[in-house]
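S.K.: Prediction below, plus the sequence it came from.
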Amino acid sequence: MYLYTPGALPTFKEGDVFEIIIPIEGEITENTATKTPEKGSEKSSEKISEKISEKILRLLKDDKNRSAKNLSEIIGISDRAIEKQLAKLQNQGRLNRVGPDKGGYWEVIDEF
């Protein structure tokens, strides 16, 4: 039994972006590959980044010895994403690393 429109076959397109089009009866389809990102989605990703930054600052205020790995486990994002957020906060002057990577600690400069 087909879950898509009877008699219609999925269309496969290869290019820079791999695309599968599955016709579904009664559904309105749109071409999402050519859809341009909306300003709202850019703003929402900035808001998410700000929320993550604030959460990092709060966690480091509570325990200045937290590692990027520990922060990533608590927040639920990758170590690399945490490292990018830490670098961003340092560049903004909101966070400072005192001492070496091992044995040092974080100093929260900007109160939130």
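M.R.: Thanks, I have the structure now.
S.K.: And the helices in this protein, which stretches?
M.R.: Secondary structure of the chain (DSSP state H): helices at 39-62, 68-75, 79-91.
S.K.: could the ones you listed go into TSV alongside mean neighbour count, mean pLDDT and distance to Val17?
M.R.: Any C-beta I mention is one placed from the backbone N, CA and C, and that applies to glycine too. Converted to TSV, the helices of the chain look like this (neighbours: other CB atoms under 10 Å; pLDDT from 0 to 100; distance: least, CB to CB, whole Å):
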stretch	mean neighbour count	mean pLDDT	distance to Val17
helix 39-62	13	81	17
helix 68-75	16	92	29
helix 79-91	15	94	24
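S.K.: out of these, nearest to Ile21?
M.R.: helix 39-62 (22.6 Å; CB to CB).
S.K.: follow-up on the earlier one: pipe the helices of the chain into a markdown table and attach distance to Tyr105 per row.
M.R.: Supplementary listing: the helices of the chain in a markdown table, determined by distance: least, CB to CB, whole Å:
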| stretch | distance to Tyr105 |
| --- | --- |
| helix 39-62 | 9 |
| helix 68-75 | 13 |
| helix 79-91 | 13 |
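S.K.: looking at those, which is closest to Gly103?
M.R.: Taking CB to CB as the criterion, Gly103 comes closest to helix 68-75 out of these, the separation being 14.8 Å.
S.K.: okay, the angle between that closest one and helix 39-62?
M.R.: For helix 68-75 and helix 39-62, the angle between their directions (axes from the mean of the first three to the mean of the last three CA atoms, to 10 degrees) works out to 120 degrees.
S.K.: Which secondary structure elements does helix 68-75 sit against?
M.R.: Using 3 or more CB pairs under 8 Å, 6 or more residues apart in numbering; DSSP states H and E as the contact definition, the elements that helix 68-75 packs against are helix 39-62, helix 79-91.
S.K.: Could you dump the ones you listed into a markdown table with distance to Ile21 added?
M.R.: A markdown table is the format used below for the helices and strands packed on helix 68-75 (distance: least, CB to CB, whole Å):
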| stretch | distance to Ile21 |
| --- | --- |
| helix 39-62 | 23 |
| helix 79-91 | 32 |
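S.K.: between these, which one is nearest to Glu73?
M.R.: Across these, closest to Glu73 is helix 79-91 (CB to CB), at 9.1 Å.
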